[in-house]
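> build the 3D model from these lines:
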Amino acid sequence: MGSIREPAVNRKRKRGKDGKDGEDIEMEEGEEKGGKKKERGGKPESGKGEKRKIPVPPHRYAPLKEKWVQIFTPCVKQLGLQIRYNMKARNVELRLPRGETDTTKLQKGADFVKAIVLGFEVDDALALVRLDHLFLESFEVADVKFSLKGEHVGRAIGRIAGKREGKG
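Prediction:
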């Protein structure tokens, strides 16, 4: 049968002030050479602002790039947020500046960017920034009715959006 292995422990010799080898010391996993433990996960450091990340689908990259200045300006000037586009992760990241604790501006900014990513015009999405108690909610038609395929999906979306006044 196999033997039971103990967890790996690094053994290093500590050098004395005179440069000669001293006693053996053991380092636990997750410990740095200075004897300090690394923190893994956990809460963000105090002093750093809260963040929101809005994923951008591939078909919205070009419109986002064209309207970036129009998106950037209200987030920074009106809401006082820090904003950037993370090209590697394909996310728009919003962050509160240090010292801010009120997350309502952050949520308004996230809703504003999310509306633009969903396809709203910048002027229409600005209403989310200007007005209080106005929120954005969306859903996928496929989540409600799984059996829709082809033209039936477009018809269902049309019915949800509302009827026209009349034909012709």
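
> so which helix or strand takes in F120?
Secondary structure assignment for F120, by DSSP states H and E: no helix or strand.

> mind starting the numbering at 242 from now?
Yep, numbering from 242; the last one is F361 now.

> could I get the average pLDDT for the longest helix seen in the chain?
When the chain is parsed with DSSP state H, its longest helix is helix 345-359. What helix 345-359 shows for mean pLDDT is 90.

> which parts of that helix are buried?
Residues 346-358 are the ones in helix 345-359 that count as buried (16 or more other C-beta atoms under 10 Å). C-beta: built from backbone N, CA, C; applies to glycine.

> one more: stretch 305-318?
Buried residues in stretch 305-318 (16+ other C-beta under 10 Å): 305, 312, 315-316.

> in those residues, find the pair that's most separated.
Pairwise distances across these peak at 14.5 Å for L305 and P315 (criterion: C-beta to C-beta).

> tell me where this protein has strands.
Counting by DSSP state E, one finds strands in the chain at the ranges 251-256, 262-268, 292-296, 323-327, 332-336.

> now the third one: mean pLDDT?
Strand 292-296 comes out with an average pLDDT of 93.

> same check on the longest one?
When the per-residue pLDDT values of strand 262-268 are averaged, the result is 47.

> can you list the weak-confidence ranges in this structure?
Scanning the chain for pLDDT under 70 picks out 242-290, 376-380, 404-409.

> in it, which spans are helices?
For the chain, the helices defined by DSSP H cover 302-307, 309-318, 345-359, 363-371, 382-385, 392-402.

> just send those back as a markdown table, with distance to L337 too.
Formatted as a markdown table, those follow (distance: least, C-beta to C-beta, whole Å):
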| stretch | distance to L337 |
| --- | --- |
| helix 302-307 | 22 |
| helix 309-318 | 11 |
| helix 345-359 | 5 |
| helix 363-371 | 15 |
| helix 382-385 | 32 |
| helix 392-402 | 35 |
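
> out of the ones you listed, which is closest to I295?
Going by C-beta to C-beta, the one of the helices of the chain nearest I295 is helix 345-359, 4.9 Å.

> mind giving me the packing neighbours of the closest one?
strand 292-296, helix 302-307, helix 309-318, strand 332-336, helix 363-371 (3 or more C-beta pairs under 8 Å, 6 or more residues apart in numbering; DSSP states H and E).

> one more pass at 6 Å, please.
Contact analysis of helix 345-359 by 3 or more C-beta pairs under 6 Å, 6 or more residues apart in numbering; DSSP states H and E lists strand 292-296, strand 332-336, helix 363-371 as its packing neighbours.
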